[in-house]
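# show me how the following folds:
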Amino acid sequence: MRDVLIIIPTYNEIENIENIIISTINLYPTINILIVDDNSPDLTSKKVEDLKPKFKDQLFLLKRLKKEGLGTAYVAGFKWALKNKFNYVFEMDADFSHNPEDIKRILEPMLENNYDVSIGSRYIKGINVVNWPLSRIILSYTASLYVQLITRMNIKDSTSGYICYKKTVLESIDLDNIKFTGYAFQIEMKYKSYLKNFKIIEVPIIFSDRLFGVSKLNGSIISEAIFGVIAMRIKNIFNIKF
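Purely as a prediction, here's the structure:
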């Protein structure tokens, strides 16, 4: 796991950050974690700084000046990962909605069968979501069906944020040209990987809603996803760079 980096973006995750770091490293003692914090008012970054001596050369912190969106946080993390020569780069939430125990299962197809992108999927085997209200399940599942219809990608969970990319995938994508910051960012990354013919697999996971902290989902993020998918598909049809 020395060549694996877990990127965890944070904004006001003081209630979760210590537990997610300790739990993940306890499971995988040689793994690496990069926290990308958007200047959280609750001092999430301070908690990470306090933990760094305990996990020397494994726990890293990238502090940004302000909240700029999930997509830009991950792009910053991807660039850091490439600069530091990690071969496998994960996206993972801080709130335990993504179970750290699934890291090994998501990584296995890449190590054993040479997949380039491995997605922790809520919908590859039915609907595996715990503690979400029915309205949010319907919204998320319908969004994935919508993306399949518009993009023609055979991906059941295109908005999943639990995913691993090979270094070669990130190197091939123009990270400075990523347009979206919310759910559409997750779709855009998968769509660009798909258009470049990388091998993509979905691994079933069980997604549990956060116990602590507040979800960052809002109306503007949903709107970006709805109209962003159409824009990406149109640009692809007319061979316009996006």
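
# strands of this structure, start to end?
Along the chain, the segments classed as strands by DSSP state E run 4-10, 32-37, 59-63, 88-91, 117-121, 129-130, 163-166, 200-204, 207-208.

# okay if I get these as TSV plus mean neighbour count?
C-beta here means a position set from N, CA and C on the backbone, and glycine is covered the same way. Output for the strands of the chain, formatted as TSV (neighbours: other CB atoms under 10 Å):
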stretch	mean neighbour count
strand 4-10	25
strand 32-37	24
strand 59-63	18
strand 88-91	25
strand 117-121	25
strand 129-130	14
strand 163-166	24
strand 200-204	19
strand 207-208	20
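
# mean pLDDT and distance to Asn236 added to these, as a markdown table?
Output for those, formatted as a markdown table (pLDDT from 0 to 100; distance: least, CB to CB, whole Å):
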| stretch | mean pLDDT | distance to Asn236 |
| --- | --- | --- |
| strand 4-10 | 98 | 27 |
| strand 32-37 | 98 | 29 |
| strand 59-63 | 98 | 32 |
| strand 88-91 | 98 | 23 |
| strand 117-121 | 98 | 18 |
| strand 129-130 | 87 | 30 |
| strand 163-166 | 98 | 20 |
| strand 200-204 | 98 | 16 |
| strand 207-208 | 90 | 29 |
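
# would you list the ones you listed in TSV and tack on distance to Gly77?
Below are the strands of the chain laid out as TSV (distance: least, CB to CB, whole Å):
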stretch	distance to Gly77
strand 4-10	4
strand 32-37	5
strand 59-63	7
strand 88-91	8
strand 117-121	16
strand 129-130	25
strand 163-166	11
strand 200-204	20
strand 207-208	21
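
# where does this structure have low pLDDT?
Low-confidence segments of the chain (pLDDT under 70): 210-225.

# to Gly71, which of the strands of the chain lies closest?
Nearest of the strands of the chain to Gly71, taken as CB to CB: strand 4-10 at 9.4 Å.

# that closest one vs strand 59-63, what angle?
Angle, strand 4-10 to strand 59-63, by axes from the mean of the first three to the mean of the last three CA atoms, to 10 degrees: 40 degrees.

# and strand 4-10 with strand 32-37, angle?
For strand 4-10 against strand 32-37, the angle by the same axes, to 10 degrees is 20 degrees.

# where do the helices sit along the protein?
Here the chain has its helices, by DSSP state H, at 17-27, 44-51, 70-83, 103-113, 134-151, 167-172, 183-195, 219-237.

# among the ones you listed, which comes closest to Asn128?
helix 134-151 (10.4 Å).

# pull the distance from the closest one to the chain's centre.
Taking CA atoms, centre = their mean, to the nearest Å, one finds the center of helix 134-151 at 18 Å from the center of the full chain.

# contacts for that helix next, please.
122-123, 127, 129, 132, 153-159, 183, 187, 191, 194, 222, 225-226, 229-230, 232-233 (CB atoms under 8 Å, 6 or more residues apart in numbering).

# any of those buried? List them.
Listed as buried from the contacts of helix 134-151 are 122-123, 129, 132, 153, 155-159, 183, 187, 191, 194, 225, 229, 232-233; burial here means 16 or more other CB atoms under 10 Å.
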